[in-house]
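Chemist: Here is my input; please provide its structure:
(one chain, ligands or ions: 1)
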Amino acid sequence: MKSEMIISMIAAMGSNRVIGKDNDIPWHLPDDFKYFKESTKNHHVIMGRKNWESLPHKFRPLPSRPNFVITRQDNYQADGATLFRSLKDALSKAEEMGEKEAFIIGGGEIYREGLSFAEKIYLTEINGTFQGQTTFPEFDKEQWIEVSREHHRKDERHQYSFDFVVYKKR
Ligand SMILES: NC(=O)c1ccc[n+]([C@@H]2O[C@H](COP(=O)([O-])OP(=O)(O)OC[C@H]3O[C@@H](n4cnc5c(N)ncnc54)[C@H](OP(=O)(O)O)[C@@H]3O)[C@@H](O)[C@H]2O)c1
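Modeler: Numbers count the residues shown, from 1 in each chain. Here you go, the predicted model:
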């Protein structure tokens, strides 16, 4: 897709690439949530139907951001979100609305599809391995360059240390 709009993905994953377990996130890292919120605020966020359902009711829709949800279901209800039949349709709509940077926010299926559209990945790399069936897709490090990395220590509020990493497509 040729576009003026930047297409980004944002995710947090364990060192074994796990991002989710039983439709939930298997860690609690408040400063990563804060980073997610600050990075995506006032931008379109695009997510799969399962990710939408995994959000606690009080965070749904994610405030101050147009929430776009992808589903193949005809009669799906997602109060406060706009539904799309494909990631491509959702991205086109975001661009039409004048978005400058759209965020694909998961889950696993949507990240897999998103990899061919994305030019930027904001990835929180957590120093821990986790149980869970949902993973972040492998991406070719020849095609993606790391442009920044900021370390966050383990502390009383964070059971694991992690790095906020940004990758850009060559
Ligand atoms: N750690 C992180 O950064 C992070 C971020 C986000 C989510 N998560 C975790 O990821 C997990 C959810 O991920 P997931 O892979 O199970 O599901 P998902 O990607 O959130 O959603 C999958 C659903 O999206 C719809 N979909 C996917 N591709 C489509 C297409 N091409 N066209 C139309 N609809 C399409 C389908 O909905 P229908 O079945 O309704 O058709 C499909 O069942 C949860 O555990 C969540 O906590 C983690």
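Chemist: if I pick the spatially most central residue of the chain, what's in contact with it?
Modeler: In the chain, the centroid-proximal residue (Cα atoms, centre = their mean) is Ile105; its distance is 2.3 Å. Neighbour list for Ile105: Met9, Ile10, Ala11, Phe36, Thr40, Val45, Ile46, Met47, Asn51 [criterion: Cβ atoms under 8 Å, 6 or more residues apart in numbering]. C-betas here are computed from N, CA, C, even on glycine.
Chemist: okay, those in TSV with neighbour count, distance to Asn67 and pLDDT next?
Modeler: Shown next, in TSV, are the contacts of Ile105 (neighbours: other Cβ atoms under 10 Å; distance: Cβ to Cβ, whole Å; pLDDT from 0 to 100):
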residue	neighbour count	distance to Asn67	pLDDT
Met9	25	16	98
Ile10	22	14	99
Ala11	22	17	98
Phe36	20	14	98
Thr40	20	10	98
Val45	24	6	98
Ile46	29	8	98
Met47	25	7	98
Asn51	23	10	98
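Chemist: what does this structure have sitting close to the ligand?
Modeler: Contact residues, the chain versus the ligand (Cβ under 6 Å from any ligand atom): 11-12, 19-20, 23-25, 47-51, 54, 70-73, 76, 85-86, 105-110, 113, 134.
Chemist: Could you tell me which of these belong to strands?
Modeler: Using DSSP state E, the members of these that fall in strands are Ala11, Ala12, Ile19, Gly20, Met47, Gly48, Ile70, Thr134.
Chemist: Show the contacting residues for the fifth one.
Modeler: Contact criterion Cβ under 8 Å, 6+ apart gives Asn67, Phe68, Val69, Ile70, Ile104, Ile105, Gly106, Gly107, Ile110 as the residues in contact with Met47.
Chemist: Also the third one?
Modeler: Under the criterion of Cβ under 8 Å, 6+ apart, the contact partners of Ile19 comprise Ala11, Ala12, Met13, Ile25, Gly106, Gly107, Gly108, Tyr111, Gly132, Thr134, Thr135, Phe136.
Chemist: count of residues packed around Val18?
Modeler: Neighbour count of Val18, defined by other Cβ atoms under 10 Å: 22.
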